[in-house]
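Novice: sequence-free structure coming up:
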């Protein structure tokens with residue numbers, strides 16, 4: 001089940017809200033959220049829900065032992081065993097093909113996200129920064145909470161520890177904000193990502209030998225699609241969390257206005273970047289020693305995290321090399337270059353990188369790259385590309401506009417002019433109504449990070 005689904009919007013969500021707000025006691029509300037989270041996950045993975053529950057309980061018990069033996073070799077050994085078991089689970093189910101295992105288990109939905117949350121939790125318990133959670137219910141809720149279960153954001157335990165155990169601020173302000181944030185995410189997904197994705201597929205899934213403009217239009221449409229798809233899902237997750245009283249971290253901060261590759265990755269999928277920074281890059285030595293080695297290892301693993309295919313590892317190394325070049329000299333060279341030049345310069349390399357991300361078949365990838373770089377005999381443009389551009393120009397312009405922080409100005413205007421606050425609910429209803437119309441007649445409604 002995904003958020004941009006009529007079943008979720010009109011059946012699951014009203015049911016969980018009704019049951020949740022029927023109680024005022026936090027424990028009963030936690031039980032409701034865990035129960036519905038199990039249904040939400042089991043809807044797509046009826047068997048793998050036992051894997052998630054088992055992984056959660058095993059790590060809860062091991063964390064208690066780690067805390068009990070904190071500061072000793074035994075405590076360190078238990079922490080290493082716990083993290084190794086979690087990584088082994090991820091490796092078996094996600095990378096079975098790359099590891100040439102004799103069997104090919106199906107990939108559990110959201111395993112990359114909830115295993116990372118478990119690892120971060122275990123490390124912080126070992127360091128003494130977080131107290132081990134004794135309650136099975138509370139820890140399972142942290143792992144399985146349906147708003148962030150499938151695709152994040154990756155939530156650190158310390159950020160929600162008090163909200164899990166204490167009274168959550170489920171007031172009118174939070175609920176109103178949550179509804180608006182969910183609606184924005186739904187619009188990103190249904191009105192923009194789905195339309196951009198359908199157009200991108202007509203280009204990228206066909207013959208990879210094409211005109212230069214056709215290739216760039218295709219990968220540019222995909223770049224917009226993956227942004228609105230993933231950031232839209234993050235908005236919906238943050239909005240749903242706020243309705244239930246949880247404050248989830250932001251995951252995107254207008255990455256396509258970045259003036260460098262380094263800045264782009266500080267703005268894109270920020271919770272994942274923070275995880276690899278804190279638990280891979282810094283432990284390797286960070287910026288203190290062997291910086292370039294640390295960056296390459298971190299980015300190789302970041303790429304591989306995205307999928308069990310070597311193109312993702314290549315994609316990660318590609319960005320690692322670009323960041324190394326920036327740190328070595330490029331950032332100093334471009335320090336005084338205007339933003340109007342640095343932004344499109346950065347976008348060129350980012351968009352090119354999405355071609356590496358899209359194609360798991362290296363032969364098709366190379367054929368497409370040759371089209372991008374005019375290394376084949378095809379013309380600069382063609383009538384099919386021109387027609388596609390004319391057909392999608394309106395949605396492209398809207399998508400480009402909202403890649404910029406326009407919404408922040410709208411929020412400030414609403415805060416200054418109280419009369420505008422009464423319009424927000426009307427706009428929310430109108431957006432949901434339009435999204436429902438699109439969902440009813442739209443057969444193209446994938447979620448790109450659904451099985452990451």
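Specialist: Structure's in. What do you need? Being a predicted model, the structure only gives us computed values, none of them experimental.
Novice: how far out from the middle of the chain is the lowest-mean-pLDDT helix or strand in the chain?
Specialist: Lowest on mean pLDDT, DSSP states H and E among the helices and strands of the chain sits helix 406-416, with a mean of 76. On the basis of CA atoms, centre = their mean, to the nearest Å, helix 406-416 sits 25 Å off its chain's mean C-alpha point.
Novice: Only the buried residues of it, if you could.
Specialist: residue 414 (16 or more other CB atoms under 10 Å). (Each C-beta comes from the backbone N, C-alpha and C, glycine too.)
Novice: Tell me the first helix or strand C-terminal of it.
Specialist: helix 423-441 (DSSP states H and E).
Novice: got the buried residues for that next one?
Specialist: Buried, per 16+ other CB under 10 Å, within helix 423-441: 424, 428, 431-432, 435, 438-439.
Novice: likewise stretch 78-89?
Specialist: 78-79, 82-83, 85-86, 89.
Novice: now swap in stretch 5-17 and tell me
Specialist: Under 16+ other CB under 10 Å, the buried positions of stretch 5-17 are 5, 8-9, 12-13, 16-17.
Novice: same deal with stretch 13-32?
Specialist: For stretch 13-32, using 16+ other CB under 10 Å, the buried residues are 13, 16-17, 19-20, 26, 29-32.
Novice: ok now it, how far from the chain's centre?
Specialist: On CA atoms, centre = their mean, the centre of stretch 13-32 falls 27 Å from the chain's centre.
Novice: contact partners of that stretch?
Specialist: Here stretch 13-32 makes contact (CB atoms under 8 Å, 6 or more residues apart in numbering) with 33, 36, 137-138, 141, 146, 164-168, 170, 240, 243-244.
Novice: and what of stretch 169-183?
Specialist: With CB under 8 Å, 6+ apart, stretch 169-183 has contacts from 3, 21, 235-236, 238-245, 424, 428, 431-432.
Novice: re the thing from before, between the contacts of stretch 13-32, which is closest to residue 67?
Specialist: Lowest distance from residue 67 to the contacts of stretch 13-32 (CB to CB) belongs to residue 138, with 15.1 Å.
Novice: secondary structure element for the closest residue to that closest one other than its chain neighbours?
Specialist: Distance criterion CB to CB, 6 or more residues apart in numbering; nearest residue to residue 138, sequence neighbours excluded, is residue 164 at 5.1 Å. Using DSSP H and E, residue 164 sits in helix 157-165.
Novice: And the next helix or strand past that helix?
Specialist: helix 172-187.
Novice: chain center to that next one, what's the gap?
Specialist: 18 Å.
Novice: List the buried residues in stretch 185-198.
Specialist: Result for stretch 185-198 [16+ other CB under 10 Å]: buried residues 185-198.
Novice: Among those, which are located in helices?
Specialist: 185-187, 194-198 (DSSP state H).
Novice: which intervals of the stretch 101-250 of the chain have sub-threshold pLDDT?
Specialist: Scanning the stretch 101-250 of the chain for pLDDT under 70 picks out 101-104.
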